[in-house]
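1. Next input, structure requested:
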Amino acid sequence: MKLSLSAIVLIASCILASVANAQIRITEVDLANDIIEITNDGGADIDISNWWVCNRVNGSPFYSQVSNAISINNASFEASGVADLTLEAGDVLVLDVAAGFLPDAGGEFAFYNTNSFGSSAAIEDYIAWGGDGIRDSVAQGAGIWTGGNFIDVSGLGGNTIQLGFGETGEQAGDYLFASSTLGSIAVPEPSSLAVVGLIGIAGIMRRRR
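-> Take a look at the predicted model:
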């Protein structure tokens, strides 16, 4: 069967579009120090300044917009001093969040592109540990998490939760425990390294992995 030129162009366009899609993934979690690492492993830039983060396991409401200072569990989550939070393809951000936002024993963390927390169209990535998360079904509906899955952190010790190389992060088995690699900057570029102060410890560090 021969394909017309227009059909070939359409197929090629679809392939290029899928390759260029931005994809934010949670690639490392430090529960002891309330730190999350995210990576844009897609082929396009993506601005997360208006995105939201959510953890409903330990409280209600328990969420914050990335670019705003909002009271969370008697603490603050604030991204200040940054013109934008646009991740280029391959960029990594290390975010210090408010103390208690990532409970050691059990919790969840989700990124949303809007504050429609019950919408599978709004959730971008998700992780749960120590027990089923409240947003588990939302992530399952989006095809980014396996229902009823959570990471058993009983053997975590002083390590961090890290997404395995080549894994999608859609199930607990995609993650492993290892010594922290947070903040290890490889071949930094002037345009890809920024530090943002958060109330608490440090801030957001962009690096290339």
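2. C-alpha from now on. contacts and neighbour counts both.
-> Will do.
3. In stretch 23-42, which residues have enough neighbours to count as buried?
-> Within stretch 23-42, the residues scored as buried using 16 or more other CA atoms under 10 Å are 23-31, 33-42.
4. again, but for stretch 145-158
-> For stretch 145-158, by 16+ other CA under 10 Å, it's W145, T146, G147, N149, F150, I151, V153, L156.
5. The nearest residue to the first one once chain neighbours are set aside: neighbouring residues, count only.
-> Once flanking residues are discounted, W145 sits nearest to E170: 4.2 Å by CA to CA, 6 or more residues apart in numbering. E170 sits with 21 neighbouring residues when counted by other CA atoms under 10 Å.
6. in the chain, which spans are helices?
-> Taking DSSP state H as the test, the helices found in the chain are 5-20, 136-141.
7. and the ones you listed, which one is worst for confidence?
-> Ranked by mean pLDDT, the helices of the chain end with helix 5-20 at the bottom, a mean of 41.
8. pLDDT at A178, what is it?
-> At A178, the model reports a pLDDT of 95.
9. likewise G147?
-> Confidence at G147, expressed as pLDDT, is 88.
10. Is it in contact with S137, as I believe?
-> Yes - with contact defined as CA atoms under 8 Å, G147 reaches S137; the gap is 6.4 Å.
11. Touching both of those two, which residues are there?
-> Both G147 and S137 lack any common contact, where contact means CA atoms under 8 Å, 6 or more residues apart in numbering.
12. Just name the shakiest helix or strand of this structure by mean pLDDT.
-> None of the helices or strands of the chain scores lower by mean pLDDT, DSSP states H and E than strand 195-197, at a mean of 31.
13. measure V92 to I24 for me?
-> According to CA to CA, to the nearest Å, V92 stands 9 Å off from I24.
14. ugh, typo on my part, it should be V94
-> Distance from V94 to I24, by CA to CA: 13 Å.
15. Give me the common contacts of the two.
-> By CA under 8 Å, 6+ apart, V94 and I24 have these common neighbours: I38.
16. Just the pLDDT at A99, thanks.
-> You'll see A99 listed with a pLDDT of 77.
17. Any stretches of the chain with poor pLDDT?
-> Scanning the chain for pLDDT under 70 picks out 1-22, 58-61, 68-84, 183-209.
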